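fold the stuff below for me.
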Amino acid sequence: MVLRAAGKDDSTATLLREALAGKQGEMEGAYTAGSAFLQSHLGIQSVGERSRILDTAMNPNSLYALRPDRKGAVNGWARKATVEEMRAVVEFLQSQGLTLDQVQKVVSEHPPTLVYDIEQRLRPTFEYLASLGMTPAATVVRRPSLLGLGADASLRRIVGYLQEVDGRSLAEIEELLATTL
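The predicted structure follows:
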């Protein structure tokens, strides 16, 4: 593909090509390092599975996350992550009581977990689940996508509705959170 800017000299097109190539190179480096991390630290051997996890977590236009009823980018949370950031997430999950096998399950079932901010998303979710009397690690392992709900907004609203409007007990709410949301 040849880029030509209307009314501009070839240097504009060259700059644009170089900028796009640089961005692509940065992402390829992040994918390569991330893939090596997933293989060496989480034991995910399949190249296809590692690619799916990283694409879902880091690509705002991932085909794995596209929904037919939406147009455009659907991964608003997707971002490039470093191995250090991924390692911190894995270590945080382990500090919350998940085994390495359970961390692998969570990451495989809900890849965005790898790029979530620990202090803004993960810790508040674990703390909120604990404040309800649940065992956060067990609940998250049963339903990893719960980590996608913001504790302060979505999760509290859902639990509040189930308690106040539906009259559900905490045991019923825990079962619903782990199996249906």
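
how many residues are close by Gln104?
Look at Gln104: counted by other C-beta atoms under 10 Å, it has 18 neighbours. (Each C-beta comes from the backbone N, C-alpha and C, glycine too.)

show the contacting residues for the residue most central in space within the chain.
Centroid check for the chain by C-alpha atoms, centre = their mean gives Pro112 as the closest residue, at 0.7 Å. The neighbours of Pro112, taking C-beta atoms under 8 Å, 6 or more residues apart in numbering as the test, are Thr56, Ala57, Asn75, Trp77, Ala78, Leu147, Gly148.

which of those scores worst on pLDDT?
pLDDT across those is lowest for Asn75, at 67.

rewinding a little: among the contacts of Pro112, which one has the most neighbours?
Ala57 (26 neighbours).

in contact with Ile105, which residues are there?
Just so we're on the same page, residue 105 is Lys rather than Ile. Lys105 touches Val141, Pro144, counting by C-beta under 8 Å, 6+ apart.

how near is Thr179 to Ile53?
Distance of Thr179 to Ile53, computed by C-beta to C-beta, to the nearest Å: 23 Å.

let me see the confidence value for the residue nearest to the centre of the chain.
On the pLDDT scale, Pro112 gets 94.

may I have the secondary structure class of it?
helix (DSSP: H, G, I helix; E, B strand; the rest coil).

cool, and Asn61?
Following three-state DSSP, Asn61 is assigned to coil.

more neighbours, Thr179 and Ile53?
Ile53 (26 against 9).

thanks a lot, catch you later.
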